[in-house]
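Engineer: Test case, fold it:
(chains A and B)
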Amino acid sequence: KNEVEQSPQNLTAQEGEFITINCSYSVGISALHWLQQHPGGGIVSLFMLSSGKKKHGRLIATINIQEKHSSLHITASHPRDSAVYICAVKTTGNQFYFGTGTSLTVIP
Amino acid sequence: ETGVTQTPRHLVMGMTNKKSLKCEQHLGHNAMYWYKQSAKKPLELMFVYSLEERVENNSVPSRFSPECPNSSHLFLHLHTLQPEDSALYLCASSQVPYNEQFFGPGTRLTVL
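Structural biologist: Next up, the predicted model:
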């Protein structure tokens, strides 16, 4: 079993829809990262958070430390949001674990 | 050049070849990383360097040999690889180890 589990694995949405991607983890962490990977491979760091909520444009990330759960929300989704979204955790022992990613396709 | 660059972007090699992957960061960061991404698998952290010193080596086979000559450059030397080593190899850097990382575009490696 992977230390980091994401759901759903694949997601197709209509342009404009509100999207939620979930991440659950089973280890003690000091920080959680959300990453975006476009076709071709390049990865961009979207958020690093250790508590509460962060917002950047149409993206919102939340984390519940007690529940060991984080969500990434995309409001007013757009075809350019189509990518793989990866959740990663940094443990208190300074190890990194990654989820397998959620593949998002937004249809015009 | 800005950010994190990797060369080559694509590499095809035979099992008896020796090749090297290069990563360069232009961000003034002190930590650099090598990752392996295979199809349908999570990212795997291979090596971490902090101020040119290796701080983590996650049970990576010896056919992968990293080198960090200075804080801006990171190499991954490859020799006698296996077909299952075919993957996307990503380099990243961060200001301090294990903090927010900036990734390069990756090298797509195919071992025949």
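
Engineer: Please make it C-alpha for all contacts and neighbour counts, starting now.
Structural biologist: Will do.

Engineer: who does the lowest-mean-pLDDT helix or strand in chain A pair up with?
Structural biologist: Between all helices and strands in chain A, the lowest mean by mean pLDDT, DSSP states H and E belongs to strand A:96-98, at a mean of 89. Paired neighbours of strand A:96-98 in the sheet (DSSP bridges): strand A:83-91 (antiparallel).

Engineer: List the buried residues in stretch A:55-71.
Structural biologist: Along stretch A:55-71, the positions that meet the burial threshold by neighbour count (16 or more other CA atoms under 10 Å in any protein chain shown) are A:L59, A:I60, A:A61, A:T62, A:I63, A:I65, A:H69, A:S70, A:S71.

Engineer: What ranges in the chain fall below the confidence cut-off?
Structural biologist: Chain wasn't specified; assuming chain A. A:1 (pLDDT under 70).

Engineer: oops, chain B please
Structural biologist: Looking along chain B with the criterion set at pLDDT under 70, you get B:1, B:57.

Engineer: Quick check: residues of it near chain A?
Structural biologist: B:40-45, B:88, B:98, B:100-106 (CA under 8 Å from any CA of the partner chain).

Engineer: could you redo the last one with a cut-off of 10 Å?
Structural biologist: B:37, B:39-45, B:56, B:58, B:88-90, B:92, B:97-108 (CA under 10 Å from any CA of the partner chain).

Engineer: Now a PyMOL select for only the buried ones of the residues you listed.
Structural biologist: The PyMOL command for the buried members of the residues of chain B next to chain A (criterion: 16+ other CA under 10 Å) is given here:
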select buried, chain B and resi 37+42+43+44+45+88+89+90+92+97+98+99+100+101+102+103+104+105+106+107+108
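
Engineer: can you tell me which of the residues of chain B next to chain A are in strands?
Structural biologist: Counting by DSSP state E, the part of the residues of chain B next to chain A found in strands is B:37, B:44-45, B:56, B:88-90, B:92, B:101-103, B:107-108.

Engineer: Just the closest of those to B:G28, please.
Structural biologist: When these are compared for distance to B:G28 (CA to CA), B:F102 wins out at 11.6 Å.

Engineer: so who does the closest one touch?
Structural biologist: B:F102 makes contact with A:42-45, B:3-4, B:25, B:27, B:29, B:32-33, B:91-95 under the criterion CA atoms under 10 Å, 6 or more residues apart in numbering or on different chains.

Engineer: let's go with 7 Å and repeat that
Structural biologist: With contacts taken as CA atoms under 7 Å, 6 or more residues apart in numbering or on different chains, B:F102 has the following neighbours: A:V44, A:S45, B:A92, B:S93, B:S94.

Engineer: Tell me which two of the ones in strands among the residues of chain B next to chain A sit farthest apart.
Structural biologist: B:E56 and B:R108 (23.2 Å).

Engineer: Identify the residue nearest the geometric centre of chain B.
Structural biologist: The centroid of chain B falls nearest to B:W34 when counting by CA atoms, centre = their mean (3.2 Å).

Engineer: which element is that residue on?
Structural biologist: In this assignment (DSSP states H and E), B:W34 forms part of strand B:31-37.

Engineer: counting contacts, what elements does that strand pack onto?
Structural biologist: In terms of contacts (3 or more CA pairs under 7 Å, 6 or more residues apart in numbering or on different chains; DSSP states H and E), strand B:31-37 is packed against strand B:44-50, strand B:87-94.

Engineer: could you list every residue that touches residue 97?
Structural biologist: Assuming you mean chain A. Contacts of A:Y97 were listed using CA under 7 Å, 6+ apart, and they are A:E3, A:V4, A:A88, A:V89, A:K90.

Engineer: Chain B, not that one
Structural biologist: Taking CA under 7 Å, 6+ apart, we find B:P97 in contact with B:A31, B:S50.
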